[in-house]
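Undergrad: Sharing a sequence plus its predicted fold:
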Amino acid sequence: MKNITNPTISDWAKICKRPVFPAEDLEDKVKNILELVQQKGDTALKELSLKFDKAVVEELKVSEAEIEASKKQVSEELKVAISVAAKNIRSFHEAQQLTETIVETMPGIQCWRKSVAIENVGLYIPGGSAPLFSTVLMLGIPALIAGCKQIVLCTPPDKDGNIKPAVLYTANFLGITQIFKVGGAQAIAALAYGTETVPKVDKIFGPGNQFVTKAKELVQKNGIAIDLPAGPSEVLVIADSTADADFVASDLLSQAEHGPDSQVVLLSDSSEFVEKVKLAVDEQLRVLPRADIAAKALENSFSVIFNSIGECVEFSNRYAPEHLILAIENAQEFADKIQNAGSVFIGNYSCESAGDYASGSNHTLPTNGYARSYSGVSLDSFVKKITFQNISRLGLQNIGRTVEVMAGAEQLLAHRNAVSIRLKKIQDEK
Ligand SMILES: NC(=O)c1ccc[n+]([C@@H]2O[C@H](COP(=O)([O-])OP(=O)(O)OC[C@H]3O[C@@H](n4cnc5c(N)ncnc54)[C@H](O)[C@@H]3O)[C@@H](O)[C@H]2O)c1
Ligand SMILES: N[C@H](CO)Cc1c[nH]c[nH+]1
Ligand SMILES: [Zn+2]
């Protein structure tokens, strides 16, 4: 983890740039995968699983027997943990339901919005380096609360052509049963175009690696939407000398272990504290099973020493991290100054792992600086808001002349006429 001290503002943009290790010809490769799936459907999905996951997949759809078997393969302790997490995630997302008010903009003119569920949604659950069954909760729960009619789940098969029991158990626990053994860009293609077995959806959700993220970017045509760019995990910690160096080290490593392309950042006003954290990172790394992955991520990561915590916050707003931890005195006060971040964790005991799994907030969040303009997944992601209006005769009399004048000025006389003939009728009837 390289160290930077008091960088000038002109260097900030360069420092904030995320490391990218795009596969050679990433876009061409993904375009080929998308085309192959469009042309050959299920056959392409099976060929690509063999090529990229080394998996022989006989049946793409997970059978009822496989779902049933998963119930015996998951420990009772994990089942309890999943139900506690689900309860918290459900409470937090249920509270996001808005009742929109009817607004009378002028006498006789009422406008309002209604949230209507997106009917067909596709959930991508990452499974390359670790099967993230927690992502099933993060996407499945808001989809169910929103009332999406068809929920289709895709996740990569392991080398034996199976899906990990925890993923199947969690999906079934929520009542999601359309589960397909396919990952990577080919899964996104299947959800976007449909195949003989995988249904086409209207919106695709979920995080993933560079192949998944590029495929999501490319399929956004013909009415297909995506949630957000949710790539390699990242965390930025702002810590002062009152923080606990072991806690901070554990938070940095928790995101570094996601993948070699993850980035973790430590900002502080104390060089002594940064040194303490680095020693703690080395010590904790020694006992981590995924130490090799985390060590690679640390090579792309950095710490910065600033003169004040205020400057750290300013830099963080420029960096726009997926996750931000405030391990500082008066953390709440500084939290109010956050402009750009996916999810913020306040104080020494708000570890990011809690948000990853169980506190209730969503862990599908914008990365790579997209927290400047995107929100993480929420209930809103699964609905569209339809506007309604009801204009009475009185309302049209009130607004009519305004519309006629504006339409005339744009020289759209058919628009003007749609008002004029109604006004004339009202006049004639008087
Ligand atoms: N931002 C978020 O909200 C968030 C949440 C969870 C996880 N993540 C991130 O998601 C990512 C998950 O990545 P992952 O790789 O573990 O799982 P993944 O499921 O995203 O990708 C695995 C798939 O990639 C495909 N693939 C692998 N190598 C390929 C190649 N050379 N060419 C074409 N396709 C190839 C395979 O088909 C495989 O099934 C991690 O970077 C993690 O940090 C982000
Ligand atoms: N930290 C990830 C989001 O970047 C989410 C996750 C799932 N499992 C563990 N962590
Ligand atoms: Zn995580």
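TA: That came through fine. Numbering: from 1, shown residues only. Ligands and ions are numbered 1, 2, ... in the order given.
Undergrad: At the geometric centre of this protein, which residue sits there?
TA: Taking C-alpha atoms, centre = their mean, the centroid of the chain lies closest to Thr364, which sits 3.2 Å from it.
Undergrad: how close does it get to Gly208?
TA: The gap separating Thr364 from Gly208 is 10 Å, by C-beta to C-beta, to the nearest Å. Backbone N, C-alpha and C define where each C-beta goes, glycine included.
Undergrad: which neighbours do the two share?
TA: Here Thr364 and Gly208 have Ala230 as joint contacts, going by C-beta atoms under 8 Å, 6 or more residues apart in numbering.
Undergrad: who touches the closest residue to ligand 2 within the stretch 201-350 of the chain in this structure?
TA: Ligand 2 sits closest to Ser233 of the stretch 201-350 of the chain, with a gap of 3.3 Å, by C-beta to the nearest ligand atom. By C-beta under 8 Å, 6+ apart, the contact list for Ser233 reads 255, 258-259, 262, 322-323, 367.
Undergrad: Could you dump those residues into TSV with secondary structure and distance to ligand 1 added?
TA: Listed next are the contacts of Ser233 as TSV, based on DSSP: H, G, I helix; E, B strand; the rest coil; distance: C-beta to the nearest ligand atom, whole Å:
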residue	secondary structure	distance to ligand 1
Gln255	helix	8
His258	coil	4
Gly259	coil	4
Ser262	coil	5
Glu322	coil	6
His323	strand	9
Thr367	coil	5
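Undergrad: Quick one: which of those residues is the most crowded by neighbours?
TA: Glu322 (29 neighbours; other C-beta atoms under 10 Å).
Undergrad: Just give the closest residue to the residue of the stretch 201-350 of the chain closest to ligand 2, not the sequence neighbours.
TA: Distance criterion C-beta to C-beta, 6 or more residues apart in numbering; nearest residue to Ser233, sequence neighbours excluded, is His258 at 4.1 Å.
Undergrad: now do Gln389
TA: The shortest distance from Gln389 to any non-neighbouring residue, by C-beta to C-beta, 6+ apart, is to Cys111 (4.7 Å).
Undergrad: and that neighbour, how many neighbours does it have?
TA: Using other C-beta under 10 Å, Cys111 has 15 neighbouring residues.
Undergrad: Close to ligand 1: what parts of the stretch 101-250 of the chain are there?
TA: Listed as neighbours of ligand 1 in the stretch 101-250 of the chain under the rule C-beta under 6 Å from any ligand atom: 126-129, 132, 135, 156, 183-185, 207-209, 211-212, 230-233.
Undergrad: Gln389 belongs to a helix, doesn't it?
TA: No. The assignment for Gln389 by DSSP: H, G, I helix; E, B strand; the rest coil gives strand, which leaves it out of any helix.
Undergrad: Understood, closing this out.
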